[in-house]
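Novice: sequence and predicted structure are below.
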Amino acid sequence: MSQFQLIAVDKSNIDTENRLFHRHPEALRSQQSLTHSTGSSRGTTSNPGQILPSDLKIADLMASRKSGLHCRQLIQVRSGRRCFQSGKISKCAVAATRSSCTPKPFDRIPGPKSLPFIGTTWKYFPIVGSYKTSDLVAANLLKLKEYGPIVREEIVPGTYAVSVFDPADIESVYKAEGRTPARRSHLAVQHYRLSRPQLYNTGGLLPTNGEEWWRLRSAFQKSLSRIQNVRHFLPTADAIMQELMDEVFQRGRDVDDFQTVAARLGLELTWTAMFGKRLGCLADPDELPARLMNAAETTNCSILETDNTERIWRKWKTAAYKRIEDNLSYIESVIVPALLRKQQEVEESKTSPDWEPIGLLDHYFQIPGVDFKDITGMAVDLILGGIDTTSYTSSFLVWHLTQNPRVQELCRDESRRLLDGGVVRPETLADAAYVRAVLKETFRLNPIAIGISRNLAESTVLAGHLVPKDTLVITQNMVACRQAQHFKNPTSFLPERWVKGSEHYTQVSPYLILPFSHGPRTCIARRLAEQNLLTLMLKMMSRYRLEWRGKKELKIVTPLICKPDSPVKISLHSWDC
Ligand code: HEM
């Protein structure tokens, strides 16, 4: 009988082996029957050199080839002479040896030509280059077409960024991110904060890496990661959205830019979650919220530019660096006095028997091991993270709804069935399968982050190339989610893909759609953000039909996160008229 031997010699190989079983239930069943007889189980005893039955592997791997799935196993076939490597299944002319399956070196990763002093950045220059930083989605799509599923760029001479597009590689990146996942972003924010030790202890959560990041993250995430803690914010969120419907939409049914309205909403929701008190910026817009929103957006939109020109602003303050400095200092001028008031309030009331923490800050001021300066950094990061993410996502959501009247009707039917006297309750959210599917489909086509970046914590094989530890890798989820190999009619907005029982129901790799990222560094406010977006949709769709009045097509620009390229102009029509 011919036999096949899995060569799983290190952790990454064991991971790829597990991935194979994960994707091919047949293989898993056979593996289970195999391991039953040997008394082992999947994932725990993926022994290097383990012998597998021949019928299992041939059938399984051939099926993989037919279905276009990628195996990338380091597998040696003792007889049958097949070698599986780098996303392809190829016949080897001679008996496959381990060396023939050895990953290719890092410098063989394809990518644009690198020039002295400027590396590959010329590709983003006007006229000579074909990529635009303002349209990274198109640039990344072009990279995939030009170079394939792995692309290497020299972003600063001697510093490389590797893009991966295949979900199996995205999974490998997450598996190699380590206990304290590190990314290279918000460098100017970090520099600015470290130069103000009177206000901050560290660069804060967004830019910090390593143990210091974990100290902050583990302290601040508790009140945001448990679902029951987040449900605690639901009644206030419901009341805020009710005000949006009654006061704002009722006043004018033609909204010239929904994104601005949604930014106010994002600020109101974030502020209220933090302080446990309304800011009141929806119905009565005064100057402070507008300036705060503007300061957060300008800071966010200057991040990419400063991350890419680190060497310059470290010597001379560039315009983008100055923008960050000015706007962060404005945010501090609002936040710090509010934090001081809150701290005093907590001190005065926490001894009272009927005092209950309402906002995040009520918890933060009681966490041992963090002080006022740590909380200042966290509060500013929540403001930076909480407004544009909500407003851009809900703008794309509204765009897709306006383009799909049938989807609007299905959302209306579901929300009317589930709302309890117009109010969203925890069980409403749990049952809102269709509205949830609409949000997921929006995230497939319009995630606000094109993907995530990581500095690898360990050397890893990606698309058949050995990528060294510490290399900056970018997962290209957004482009991957628009590929026909993963989704039928990939550019169509079809929430039914996510509705069990629908003929369009699709099961895909869990590493494709990751709008909030994944693992220990996933968005700290993920549950809160989802809760708010679902509540908004349920309440809005139960009352209004949306009509698009903006530019023919809403496109994306990428100052940092993906933003609508033009005003989100809509009209709201009552369903009952
Ligand atoms: C649609 C809504 C949102 C999306 C899609 C989103 C997405 C993301 C993503 C992709 C990351 C990077 C994670 C990584 O590198 O692995 C992130 C981080 C973060 N997000 Fe969100 N986010 C959203 C809403 C919010 C809100 C409402 C807040 C605050 C109230 C927030 C605060 C943060 C913070 C502070 C981080 C940094 C976490 C860390 O580095 O440990 N986000 N978010």
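Specialist: Nice, I can see it. Residues are numbered from 1 along each chain as shown.
Novice: run a quick neighbour tally on the closest residue to Glu441 other than its chain neighbours.
Specialist: The spatially closest residue to Glu441, leaving aside those adjacent along the chain, is Pro495, at 4.5 Å (CB to CB, 6 or more residues apart in numbering). Where you see a C-beta, it was placed from the backbone N, CA and C, and this is true even at glycine. Per other CB atoms under 10 Å, the neighbour tally for Pro495 reads 24.
Novice: up against the ligand, what does the protein have?
Specialist: Proximity of the chain to the ligand, by CB under 6 Å from any ligand atom, involves residues 183, 205-206, 217, 270, 381-382, 385-386, 389-390, 393, 448-449, 452, 515-517, 521-525, 528-529.
Novice: in the stretch 51-200 of the chain, which segments are predicted with low confidence?
Specialist: 51-101 (pLDDT under 70).
Novice: and the strands in it?
Specialist: Assigned by DSSP state E, counting those that start in this stretch, the strands in the stretch 51-200 of the chain fall at 51-53, 75-77, 82-85, 88-91, 150-156, 159-164.
Novice: okay, buried residues for the last one please.
Specialist: Going by neighbour count (16 or more other CB atoms under 10 Å), the buried part of strand 159-164 is Tyr160, Ala161, Val162, Ser163, Val164.
Novice: mind putting those into CSV with distance to Lys350?
Specialist: Shown next, in CSV, are these (distance: CB to CB, whole Å):
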residue, distance to Lys350
Tyr160, 50
Ala161, 47
Val162, 49
Ser163, 49
Val164, 48
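Novice: tell me the one of these nearest Leu456?
Specialist: Val162 (8.9 Å; CB to CB).
Novice: that closest one against Ile474, yeah?
Specialist: Yes. Val162 is in contact with Ile474 according to CB atoms under 8 Å; the separation is 7.1 Å.
Novice: could you report the neighbour count for Leu216?
Specialist: 24.
Novice: who touches Thr121 in this structure?
Specialist: Ile155, Val156, Asn308 (CB atoms under 8 Å, 6 or more residues apart in numbering).
Novice: which secondary structure elements does the lengthiest helix in the chain sit against?
Specialist: In terms of residue count, the longest helix belonging to the chain (DSSP state H) is helix 319-349. In terms of contacts (3 or more CB pairs under 8 Å, 6 or more residues apart in numbering; DSSP states H and E), helix 319-349 is packed against helix 187-194, helix 287-308, helix 360-364, helix 372-386.
Novice: how about 10 Å then?
Specialist: Helices and strands touching helix 319-349, by 3 or more CB pairs under 10 Å, 6 or more residues apart in numbering; DSSP states H and E, are helix 187-194, helix 258-275, helix 287-308, helix 310-313, helix 360-364, helix 372-386.
Novice: ok, which stretches of the stretch 451-577 of the chain are strands?
Specialist: Under DSSP E, counting those that start in this stretch, the stretch 451-577 of the chain gives strands at 453-455, 460-462, 465-467, 472-475, 544-548, 556-557, 563-564, 570-574.
Novice: centre of the chain to the fifth one, how far?
Specialist: The reference is to strand 544-548. Chain-centre distance of strand 544-548: 28 Å, with CA atoms, centre = their mean, to the nearest Å.
Novice: give me the sheet partners of it and which way each runs.
Specialist: Strand 544-548 pairs in its sheet with strand 570-574 (antiparallel), by DSSP bridges.
Novice: buried residues, the strand it pairs with. List them.
Specialist: Result for strand 570-574 [16+ other CB under 10 Å]: buried residues Ile570, Leu572.
Novice: so what's the closest residue to Asp420 other than its chain neighbours up against?
Specialist: Leaving aside its chain neighbours, Asp420 sits nearest to Thr428 (6.7 Å; criterion: CB to CB, 6+ apart). Listed by CB atoms under 10 Å, 6 or more residues apart in numbering, the contact partners of Thr428 are 234, 238, 414-415, 417-420, 435, 534-535, 538-539.
Novice: mind listing what's buried in the helix or strand Thr428 falls within?
Specialist: Assigned by DSSP states H and E, Thr428 belongs to helix 426-431. For helix 426-431, a neighbour-count test (16+ other CB under 10 Å) marks Thr428, Leu429 as buried.
Novice: can you give me how far it is from the chain middle?
Specialist: 24 Å.
Novice: in the stretch 301-450 of the chain, which residue sits nearest the ligand?
Specialist: Nearest residue of the stretch 301-450 of the chain to the ligand: Gly385, at 2.6 Å (CB to the nearest ligand atom).
Novice: check what pLDDT that residue gets.
Specialist: Note on Gly385: pLDDT of 96.
Novice: again, but for Val380
Specialist: What the model reports as pLDDT for Val380 is 98.
Novice: that one contacts His186, correct?
Specialist: No. Under the criterion of CB atoms under 10 Å, Val380 makes no contact with His186, lying 11.2 Å away.
Novice: between these two, which contacts overlap?
Specialist: Arg193, Gly204, Leu205, Leu206, Thr299.
Novice: mind giving me the PyMOL select for the residues you listed, buried ones only?
Specialist: This is the PyMOL syntax for the buried subset of these, where burial follows 16+ other CB under 10 Å:
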select buried, resi 193+204+205+206+299
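Novice: for the shared contacts of Val380 and His186, which two are the farthest from each other?
Specialist: Leu205 and Thr299 (14.6 Å).
Novice: one step back: weed out the non-buried ones from the contacts of Thr428.
Specialist: In these, burial by neighbour count holds for Leu234, Asp238, Glu414, Ser415, Leu418, Leu419, Val435, Leu534, Thr535, Leu538, Lys539, counting by 16+ other CB under 10 Å.
Novice: what sits against the third one?
Specialist: Read that as Glu414. Applying CB under 10 Å, 6+ apart, the residues near Glu414 are 428, 431-438, 537-538, 541-542.
Novice: again, 6 Å this time
Specialist: The neighbours of Glu414, taking CB atoms under 6 Å, 6 or more residues apart in numbering as the test, are Tyr434, Val435.
Novice: any idea which helix or strand carries it?
Specialist: helix 405-418.
Novice: residue contacts, Arg264?
Specialist: Counted by CB under 6 Å, 6+ apart, Arg264 has contacts Cys281, Leu282.
Novice: brain fart, Trp575
Specialist: With contacts defined as CB under 6 Å, 6+ apart, Trp575 is in contact with Arg412, Arg545.
Novice: count of neighbours near Gly266?
Specialist: Neighbours around Gly266, by other CB under 10 Å: 26.
Novice: model confidence score at it, please.
Specialist: Value for Gly266, per-residue pLDDT: 97.
Novice: now Ala239
Specialist: Looking at Ala239, its pLDDT reads 96.
Novice: before we move on, the earlier item: need the contacts of Thr121 in JSON lines with neighbour count and distance to Ala176, can you?
Specialist: As requested, the contacts of Thr121 are exported to JSON lines (neighbours: other CB atoms under 10 Å; distance: CB to CB, whole Å):
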{"residue": "Ile155", "neighbour count": "17", "distance to Ala176": "20"}
{"residue": "Val156", "neighbour count": "16", "distance to Ala176": "22"}
{"residue": "Asn308", "neighbour count": "16", "distance to Ala176": "24"}
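Novice: quick one, domains of the protein?
Specialist: Following automatic domain parsing, one gets these domains for the chain: 3-102, 189-574.
Novice: which of the ones you listed sits most buried?
Specialist: Mean neighbour count (mean count of other CB atoms under 10 Å) peaks for domain 189-574 among the domains of the chain, with a mean of 18.
Novice: please name the residues that touch Asp374.
Specialist: By CB under 6 Å, 6+ apart, the contact set of Asp374 is Asn201.
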